[in-house]
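S.K.: Build me a structure from this.
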Amino acid sequence: NSQPFTASMPGSRPRTLASVSYSANVYNPTGWVNFSGLAGIVQEIVNQPGWTSGNSLSLIIDGLGGDWARKFYVAYELNPLQAARLVIRYEGGFEPVNQAPLVNAGADQSLTLPQTTILLNGVVTDDNLPLGSVLSVSWTQVSGPAPVGFSSANQPATLATFSAPGVYELRLSASDGALVSTDSVVITVNPQPASYTTLLVPISAASDDVNQEGSLLVDGGLAVFVGRSNAVPSLTGLRFNAVNLPPGAVIADAWLSFYNPADQWITVDIEIAGEMNANSLPFDSVNLPGNRARTSARVISANNVLSPMGWVQYNGLAGIVQEVINLPGWAAGNSLSLIIEGRGADWARKLFAAYEADPALAPQLVIAWYLPEPTLAEPTTETASAPIVEVITTVEPTSVPTEEPAVEPTQEPTAAPSVEPTAEPTAAPTEVLPTSTPEPPAVPTEVLPTPMPELPPTPTEVPASP
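M.R.: Next up, the predicted model:
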C-alpha cells in the first residue's frame, strides 16, 4: 500500500524484481502515448502480503540514457483529465461496471456590465471506463439574449464572456465514449448602471509589491514579476492602501495595470485571487502572500501574447474585489491585497515596473463602482423630514491602457474596455483620481529613470508545453 512521495523519495524505495526496459528513438505526436508490458510488475505487487483492493501502487521510472535525454508529459497540476494513468486488464473477481461521468457546472453567478467576463468553475470526474476511452468535456449555451464566448470550451474551468444583459443558461457536458452527463448553471448579467465612480489606487509603498519564491520573500528590486520563476510556489503579492470604497458598494468592473518597461513575449499562465481579509496587513517574511486565505472568486489568464512597452492590464477582477469588500469589517480606506500565482512552466513570467523603480509607474488597481438606489420607507401619518438620498456622481474615465487579456489570446493585444458613464454629473465629483498619479496613456513617453533589470536568461532546457 504505497505511501505518498512526500513521505519518502522515489529513489529510496525498494523495487520489484520484475522490470521493463525501454530504449527507443521514436516520434511521439500530440496525444496519449503508452508504455506497455507492465503485467509482471503489477502482478508482483498485488501478490504481496497485505495487498487488498483499493490500495495504492507506485511505479518508479529510472532514466538510463545521456544527459537531457527525456520527454515531457502533462502533469496533474496542469490538467487532471490528462494526467498519467495506469490501465490494468485482469481475470477473476468482478467485471467493473462503467459509471457515467460526474459533472458539476458550479453555482449560479451574476455580474454587472461593463464587466463582461466571469469564471465558470466546473468540475468533471470519471472512473476511466470503458478501458481505453478518452473523456471529452464541452461547454455550450442553452439560452440567453446574446451569444456567449468561452475561452476554453473543452475544459471544466473556463472564462465566459457576455455582451448583453439578461439571464443565460450554460451547460457543461462530459462523455466517456459510452455515457454522457450534463449539468447547467445560470448566469445573470445586470445592465450597466446609469452612473458610477472610477477609483484608481496605486501601490503606495516599496513593501507592497513583492514576490514569493518557495518560502522566500523577494522585495526591493526595480521589477516585480508575474508568472513563475523556477520555485514552487511562485507568487506575486500586491497590497493597495486607502481603498476608498464604502460598505455596500457594487463593483461594476475592476482591472489591474502594470507598466511594462520593454516588449515581452512569452507564455504566462497565472491565477489572480484576493486576500480574504477586510483590512490586509503588510507583507513580510512571516506574512507571506502564500500564507494568506484567498477569495473563491478568481481569474485565470493563460496566453501567449506580445506585451508592448507601456501599460498593460488584467481584466475581469470585479468579482474578486466584491468578495473582499463584502467581508464583515470592511470600511472605506481599508487595505486590499491581490495574490497572483504562477502556474506555468519554469521561467514563464513577465517583469513589470515596481514601486522602487518609479512610484508613478507602480502597479495600479482601477475600480468602477456605484451604490444601489436606496429603498425609501413607506410614508406614515407622522410628519417626517425628507429622506436623504445620496447622489452618485460620475468621474469621466481616463484613457485606459493596452489590455492584457484574460481570455483566449490573439497575436496582438486587444483594446481595454472603456468606462463610458451615461449620466452627466449633477454635482462636484465625490471621488477624484489623485492628481499626483499620471493618467495611464496607451503608450507613455515616460521612461524609467533607472535601468530596469535584464530579463533572466531562459534555461537551455525548458519543459515544452504538452
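S.K.: Helix, strand, or coil at residue 279?
M.R.: coil (DSSP: H, G, I helix; E, B strand; the rest coil).
S.K.: list the contacts for it?
M.R.: 329-331, 334-335 (C-beta atoms under 8 Å, 6 or more residues apart in numbering). Quick note: C-beta positions are derived from backbone N, CA and C, even for glycine.
S.K.: Which secondary structure element is home to residue 297?
M.R.: strand 294-303 (DSSP states H and E).
S.K.: Could you spell out the sheet neighbours of that strand, each with its direction?
M.R.: Here strand 294-303 is paired, per DSSP bridges, with strand 268-275 (antiparallel).
S.K.: CA atoms only for the partner strand - export them in PDB, please.
M.R.: The C-alpha trace of strand 268-275 is given here as PDB (Å, rounded to 0.1, in the frame of the first residue of the first chain):
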ATOM      1  CA  VAL A 268       2.400  33.200 -19.000                       C
ATOM      2  CA  ASP A 269      -0.200  31.200 -17.000                       C
ATOM      3  CA  ILE A 270      -1.500  32.800 -13.800                       C
ATOM      4  CA  GLU A 271      -4.300  32.800 -11.400                       C
ATOM      5  CA  ILE A 272      -5.400  36.000  -9.700                       C
ATOM      6  CA  ALA A 273      -7.200  36.000  -6.300                       C
ATOM      7  CA  GLY A 274      -7.800  38.400  -3.500                       C
ATOM      8  CA  GLU A 275      -6.900  38.000   0.200                       C
END
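S.K.: change the start of the numbering to 127 and stick with it
M.R.: With 127 as the first residue, the last one maps to strand 394-401.
S.K.: Now do that strand, average pLDDT.
M.R.: Strand 394-401 shows a mean pLDDT of 94.
S.K.: Kindly report the same for stretch 294-305.
M.R.: 94.
S.K.: can you pick the most crowded of the contacts of residue 405?
M.R.: Neighbour counts for those peak at residue 460, which has 21 neighbours (criterion: other C-beta atoms under 10 Å).
S.K.: Point out where the protein drops to low pLDDT.
M.R.: Counting by pLDDT under 70, the ranges of the chain that qualify are 218-221, 500-592.
S.K.: just to revisit the earlier point, take the contacts of residue 405 and keep only those in helices.
M.R.: Assignment to helices by DSSP state H places none of the contacts of residue 405 there.
S.K.: Adding distance to residue 428, write those residues out as a markdown table.
M.R.: Formatted as a markdown table, these follow (distance: C-beta to C-beta, whole Å):
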| residue | distance to residue 428 |
| --- | --- |
| 455 | 34 |
| 456 | 31 |
| 457 | 35 |
| 460 | 31 |
| 461 | 29 |
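S.K.: Return the member of those nearest to residue 166.
M.R.: residue 461 (60.7 Å; C-beta to C-beta).
S.K.: contacting residues for that closest one?
M.R.: 365-369, 405-407 are the contacts of residue 461 under C-beta under 8 Å, 6+ apart.
S.K.: among the residues you listed, who's most crowded?
M.R.: Most surrounded of these: other C-beta under 10 Å gives residue 406, at 25 neighbours.
S.K.: isn't that residue right up against residue 463?
M.R.: Yes: Residue 406 is in contact with residue 463 according to C-beta atoms under 8 Å; the separation is 3.9 Å.
S.K.: For those two, list the residues in contact with both.
M.R.: By C-beta under 8 Å, 6+ apart, residue 406 and residue 463 have these common neighbours: residue 365.
S.K.: hang on, residue 446 is in a strand, isn't it?
M.R.: No: Residue 446 is assigned helix when assessed by three-state DSSP, not a strand.
S.K.: if I look at it, how far off is residue 420?
M.R.: 9 Å (C-beta to C-beta, to the nearest Å).
S.K.: More neighbours: which of these two?
M.R.: residue 446 (25 against 21).
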